[in-house]
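Colleague: With the sequence up front, the predicted model follows.
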Amino acid sequence: MPQIVFLPHADHCPEGAVVDAQPGETVLDAALRNGIDIEHACEKSCACTTCHVVIREGFASLKASDELEDDMLDKAWGLEPTSRLSCQAAVADIDLVVEIPKYTINQVSEGH
């Protein structure tokens with residue numbers, strides 16, 4: 001079973017976290033299932049960038065992003081070559097190391 005290592009983030013997982021993921025499960029679903037509340041304003045429909053993450057290790061194991069995801073990512077704060085929307089990035093059979101960016105472009109954060 002692949003694991004996702006979430007690097008420390010002041011709001012979402014201050015100590016960092018290591019979670020098990022099912023192949024085919026999205027990074028966002030694995031995070032939410034383990035109490036890491038990554039924002040997802042569009043309810044996982046690939047219509048915003050609030051669940052933007054940077055894949056620090058294991059990026060090549062992910063299925064390539066599609067044109068819709070790429071268009072959304074163009075609007076993300078802190079875009080990097082290994083950026084993905086966590087609602088679209090499905091885990092393969094390789095462990096991942098994920099960084100949750102410090103900021104999003106979400107105008108309203110319901111949890112704060």
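Modeller: Arrived safely.

Colleague: Can you tell me the element residue 32 falls in?
Modeller: Taking DSSP states H and E as the definition, residue 32 sits inside helix 27-33.

Colleague: Each with direction, which strands does the helix or strand following that helix pair with?
Modeller: Downstream of helix 27-33, the first helix or strand assigned by DSSP H and E is strand 52-57. The strands beside strand 52-57 in its sheet (DSSP bridges) come out as strand 83-85 (antiparallel), strand 96-99 (antiparallel).

Colleague: Spatially central residue in this structure, please.
Modeller: residue 86 (2.9 Å; CA atoms, centre = their mean).

Colleague: Got the confidence number for that one?
Modeller: Reported pLDDT at residue 86 in the predicted model: 98.

Colleague: ok, now which ones touch it?
Modeller: Taking CB atoms under 8 Å, 6 or more residues apart in numbering, we find residue 86 in contact with 26-28, 31, 38, 40, 51-53, 98. (Glycine included, C-beta is placed from N, CA and C.)
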